[in-house]
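Novice: below are the sequence and a predicted model for it; my questions follow.
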Amino acid sequence: MKTRITDLVADCCPENVALGKPDEALALRITDRVQRRLGMDAAPRRRHSKLPRAFLLAAALVLAFGTAAFALAGYGMSLRKPTAEDILVSGFRYEEVVDGKVWNSEILAYPDAGMVFTFACPEESSRTAEFRCFWLPREATEGLTDAEGWTKRLFCSAGDSIPYSITTYDALRDGFQLVLSGEVEVVKEERWGSWKVLEVSSDCSKLVFPTYDRANFILLFDETAGFLVVVSGEEALETLEHIAREMEIRESATAKGEHPDAAMIGLLDLARG
Amino acid sequence: MNDARLLRRLRRGDETVLPELIRQYSGYVYAIASNILSHALGEEDIEEVVSDSFLSLWENRERIETEMLKAYLAAIARNKAKSALRKARAEEPLEDDLIEISLPNQPEQKILLSELREITHAAVDSLGEPDREIFQRYYYLYQKTADIARALGLKDATVRVKLARGRRRLKDYLEERGFGCEDTHY
């Protein structure tokens, strides 16, 4: 019988052979063809291309839980550059016993503070948020999701860098402050429906203990429900905004627990969100 | 993103993995399809084969048993491209590809092909480097000898000599196992 060597080597794929070049235009064309043929034209990232998901989500939340109650609550997020008069110390107090002697560490100061975000939460709610992502620049390395992708935290590390970190904040209460260290620049301030969106970039190179040169943050704050979700990372703000716009946020089934301490101030960093 | 993560997301039907898979592997799949088809078909047809390959990967995601995503995609791309070649009634791209094997008996052809592939696998595995890679690049990835030579820093003539050596090894393996093997290339 006549046969072909090319047929006989069907199980002989070479490993680690680089072939072909990355071609973004080709990838886009192929993606478009495949998605169209699979009927994925309504793929999550395209489904609501004219409206950010967060906006749709906010609308859904308001409809589900009653407009009046949320609208009257008047949650807010403001920001300011810290002044010399600002007393930016943690209310958190802990004790450490060393050689039988009790050391109080009641003051955790933030000498590198570049921006302070303050939250107004007139009606403390027990509700908490969760989110799911329909686009990520790379897969998360930490953070469990349920079968549908809902979670409260996703974290991605790559070697020493943190490309992105996404976190919900469930401990907000009236007057709570988040401190961002470094030289902070507000890049964009927008409103996506009921969501106030702040994009800030922090030059961290002059910190006392710099762990990265620059960190970017997008704070998404729902002024009708008091939810705060922070998308942050060393990725460019454009990339983080892409993540944010492709997120869906909703109220989770988990109620907010008791505050473990009296902390009224916290640090905004990549590891936390 | 590594293949294990891509495969995990693919298997659970995460639609968002498709653009990432395509971004990562479309260049590779395109190169294989192009190696097989460019002498007979145009760009549009080649891209159609690339699309078909990813479509097949998605539609068969629950049946993927291997963890070697790249090799799996390469196999799909080869099959799709060869099928497109047959549909177009075009000739295979490699001239020194055909061999005549005389059978030791008359078993069912499907079983026979499977056995022949096992023998070929063993023969290819027995080649030292760079002979093995050259043989795989040429017969599996359909790379031209000039491209292989460039990729490995060898002369084109050296690549051809090593390919001939690989074919000789394959013939020996087949004959040792009772198959007659005739080809003008040996």
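Specialist: Alright, I've got the coordinates.

Novice: CA only for contacts and neighbour counts going forward, please
Specialist: Will do.

Novice: tell me where the stretch 1-150 of chain A has strands.
Specialist: A:2-4, A:76-80, A:94-98, A:101-105, A:113-120, A:129-133 (DSSP state E, counting those that start in this stretch).

Novice: want to throw those strands into TSV with distance to B:A151?
Specialist: Listed next are these as TSV, based on distance: least, C-alpha to C-alpha, whole Å:
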stretch	distance to B:A151
strand A:2-4	25
strand A:76-80	56
strand A:94-98	62
strand A:101-105	62
strand A:113-120	52
strand A:129-133	40
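
Novice: out of the ones you listed, the one nearest B:D52 is which?
Specialist: In terms of C-alpha to C-alpha, the element of the strands of the stretch 1-150 of chain A nearest to B:D52 is strand A:2-4, at 23.7 Å.

Novice: go through that closest one and flag the buried ones.
Specialist: Judged by neighbour count (16 or more other C-alpha atoms under 10 Å in any protein chain shown), strand A:2-4 contains these buried residues: A:R4.

Novice: swap in stretch A:181-194?
Specialist: Quick answer for stretch A:181-194 (16+ other C-alpha under 10 Å): A:S181, A:G182, A:E183, A:V184, A:W192, A:G193, A:S194.

Novice: same check on stretch A:18-27?
Specialist: A:L19, A:L26, A:A27.

Novice: the second one touches B:S26, doesn't it?
Specialist: In other words, A:L26. Yes: the pair A:L26 and B:S26 qualifies as a contact (C-alpha atoms under 8 Å) at a distance of 7.3 Å.

Novice: just for the stretch 51-200 of chain A, where's the confidence low?
Specialist: Under the criterion pLDDT under 70, the flagged ranges of the stretch 51-200 of chain A are A:51-73, A:84-98, A:102-111, A:123-124, A:171.

Novice: surely B:L6 is within a helix?
Specialist: Yes: looking at B:L6 with DSSP: H, G, I helix; E, B strand; the rest coil, it is inside a helix.

Novice: so who does it touch?
Specialist: Contacts for B:L6 were tallied using C-alpha atoms under 8 Å, 6 or more residues apart in numbering or on different chains; they are B:V17, B:L21.

Novice: nearest residue to the middle of chain B?
Specialist: Central residue of chain B (C-alpha atoms, centre = their mean): B:Y140, 3.0 Å from the mean position.

Novice: state the distance from that residue to B:N79.
Specialist: Counting by C-alpha to C-alpha, to the nearest Å, the separation of B:Y140 from B:N79 is 11 Å.

Novice: circling back: now the buried residues of stretch A:181-194 in TSV, with distance to A:N216 and secondary structure?
Specialist: As requested, the buried residues of stretch A:181-194 are exported to TSV (distance: C-alpha to C-alpha, whole Å; DSSP: H, G, I helix; E, B strand; the rest coil):
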residue	distance to A:N216	secondary structure
A:S181	11	strand
A:G182	11	coil
A:E183	11	strand
A:V184	9	strand
A:W192	19	strand
A:G193	22	coil
A:S194	22	coil
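
Novice: pick the one among those closest to chain B.
Specialist: The shortest approach to chain B among the buried residues of stretch A:181-194 belongs to A:W192, at 23.5 Å (C-alpha to the nearest C-alpha).

Novice: show me what whatever helix or strand B:L116 lives in is packed against.
Specialist: Using DSSP states H and E, B:L116 falls within helix B:109-126. Identification of packing neighbours for helix B:109-126 by 3 or more C-alpha pairs under 8 Å, 6 or more residues apart in numbering or on different chains; DSSP states H and E yields helix A:5-8, helix B:131-139, helix B:156-176.

Novice: and for the second one, what's in contact with it?
Specialist: Contacts of helix B:131-139 from elsewhere in the structure, counted by C-alpha under 8 Å, 6+ apart, are A:5-6, A:9, A:12-14, B:97, B:124-126, B:143-145, B:148, B:159, B:162-163, B:166.

Novice: next: the last one.
Specialist: For helix B:156-176, the surrounding residues in contact (C-alpha under 8 Å, 6+ apart) are B:116, B:119-120, B:123-124, B:127, B:131-132, B:134-135, B:145-146, B:148-149, B:180-181, B:185-186.

Novice: burial of A:G175, as a residue count?
Specialist: When neighbours are defined as other C-alpha atoms under 10 Å in any protein chain shown, A:G175 has 16 of them.

Novice: an error on my part: the question was meant for A:D7.
Specialist: Residue neighbour count, defined by other C-alpha under 10 Å, stands at 19 for A:D7.

Novice: now B:R168
Specialist: B:R168, neighbours per other C-alpha under 10 Å, totals 15.

Novice: that one and chain A, how far apart?
Specialist: Distance from B:R168 to chain A, counting by C-alpha to the nearest C-alpha, to the nearest Å: 12 Å.
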